[in-house]
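**Student:** The following block contains a protein sequence and its predicted model.
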Amino acid sequence: MPSPSPSPRSQTDTLFVGFAGRIGAGKTSAANYLSSKYGFQYARYSQVLRDWLASEAPERESLQELGWEVMAGGRQVELNARLIAGLSRSQSAVIDGLRHHIDFHSLSYAFGASFRLVFLEAAAEARFERKRSRFSAYEAFLAADSHPVEAQIDTLRPLAAATIPTEESLEGLYRRLDGWVATCGMGHRT
């Protein structure tokens, strides 16, 4: 008798979802949505950086500088180890803000087939409009978006299980996320 083929993921398996995308693409909105609707744990790279290296809550530019020091200093693996250590493997999780291929590979290694990367994308103008309160001018937004710590983000797109455009309303993004989560076998959770 032939051996049974591997079973597909059951609907009770945990799912670890990483969000990547440029500044203002909707990563935090998407992560917060999955956390609140589906009960996923929430982890954010910038929070791990704050907890690890900053004595007080730094401004965005300071976080970018801290992130760049970690990335350029060969400490991205350590950053990932700290993030992963804060997650329970028995509960689905959402991870906000992957920026480097090491992030993808670290999470893939830690969570195996349970890890999925979702790449969120929107045009620069739409992203600036979302972040207008943070940036005084479009040029300031573009400067932050082209900071060296942001340089690897687009290399994550080909590694993504899904690429979701985010130029429509939040409700549209949430519908797309619900549809995608259902394809992962998690759509029954509320």
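**Tutor:** Sure, I can see it.

**Student:** Got the phi and psi for residue 119?
**Tutor:** Main-chain dihedrals, residue 119, degrees, to the nearest 10: phi -100, psi 120.

**Student:** Kindly report the same for residue 15.
**Tutor:** Torsion angles, degrees, to the nearest 10, at residue 15: phi -130, psi 130.

**Student:** Name the nearest residue to it, sequence neighbours excluded.
**Tutor:** Computed as CB to CB, 6 or more residues apart in numbering, the closest residue to residue 15 that is not its neighbour in sequence is residue 92, at 4.5 Å. In short, each C-beta sits where N, CA and C put it, glycine included.

**Student:** so how far is residue 185 from the one you found?
**Tutor:** As for residue 92, its distance to residue 185 is 11 Å (criterion: CB to CB, to the nearest Å).

**Student:** go on, residue 53?
**Tutor:** 37 Å.

**Student:** Now do the buried residues in the helix or strand of the chain at the bottom of the mean pLDDT ranking.
**Tutor:** One helix or strand of the chain scores below all others by mean pLDDT, DSSP states H and E: helix 60-72, with a mean of 73. The neighbour-count check on helix 60-72 (16 or more other CB atoms under 10 Å) flags 63-64, 66-68, 70-71 as buried.

**Student:** coming back round to it: how about the residue nearest to residue 15, what does it touch?
**Tutor:** 14-17, 38-41, 186 (CB atoms under 8 Å, 6 or more residues apart in numbering).

**Student:** Sitting in strands, which of the residues you listed do you find?
**Tutor:** 16-17, 41 (DSSP state E).

**Student:** any idea which of these is closest to residue 33?
**Tutor:** residue 17 (10.9 Å; CB to CB).

**Student:** quick one, phi/psi of the closest residue to that closest one other than its chain neighbours?
**Tutor:** Nearest residue to residue 17, sequence neighbours excluded (CB to CB, 6+ apart): residue 94, at 4.9 Å. For residue 94, the backbone dihedrals are phi -120, psi 140 (criterion: degrees, to the nearest 10).

**Student:** so residue 94 makes contact with residue 37?
**Tutor:** No: Residue 94 lies out of contact with residue 37 (CB atoms under 8 Å); the separation is 10.5 Å.

**Student:** more neighbours, these two?
**Tutor:** When residue 94 and residue 37 are compared for neighbours, residue 94 comes out ahead with 24 against 14, by other CB atoms under 10 Å.

**Student:** Surely residue 43 is in a helix?
**Tutor:** No: counting by DSSP: H, G, I helix; E, B strand; the rest coil, one finds residue 43 to be strand, located in no helix.

**Student:** burial of the residue lying closest to it once chain neighbours are set aside, as a residue count?
**Tutor:** Among residues not flanking residue 43 along the chain, residue 95 sits closest, at 4.9 Å (CB to CB, 6+ apart). Using other CB under 10 Å, residue 95 has 28 neighbouring residues.
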